[in-house]
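Colleague: The amino acid sequence is not available; the structure is as follows:
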């Protein structure tokens, strides 16, 4: 990520149910990150619980899900 990045950050749920999944358990949101000077946007997903070591705060563990290359400055994202 370039020095001007990151840009704005957005949390969102990929379903209409929001954080409450069909299993009736709370799920953490995805994170959309505008790369600003990186000419890309990024979607981060929560890391599964079984990959987190004991004592770590699982609410802070995310991994890159995808990079959206835009070939221009990405100031903000739209999720809909």
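Modeller: That came in fine, so what should we check first? Computed from a predicted structure; not experimentally measured.
Colleague: Quick one: residues contacting the residue nearest the centre of the chain.
Modeller: In the chain, the residue lying closest to the centroid (Cα atoms, centre = their mean) is residue 31, at 2.2 Å. Counting by Cβ atoms under 8 Å, 6 or more residues apart in numbering, residue 31 makes contact with 9-11, 43-44, 62. The C-beta positions use only the backbone N, C-alpha and C, and glycine is treated the same way.
Colleague: Show me where the chain has its strands.
Modeller: 9-12, 30-34, 40-46, 62-69 (DSSP state E).
Colleague: closest one to residue 18 among those strands?
Modeller: Nearest to residue 18, of all those, is strand 9-12, at 9.2 Å by Cβ to Cβ.
Colleague: Look up which residues are beta-bridged to the residue nearest to the centre of the chain.
Modeller: residue 11, residue 44 (DSSP bridges).
Colleague: The closest residue in space to residue 32 that isn't next to it in sequence - how many residues pack around it?
Modeller: Excluding its sequence neighbours, the residue lying closest to residue 32 (Cβ to Cβ, 6 or more residues apart in numbering) is residue 10, at 4.2 Å. Residue 10: 16 surrounding residues under other Cβ atoms under 10 Å.
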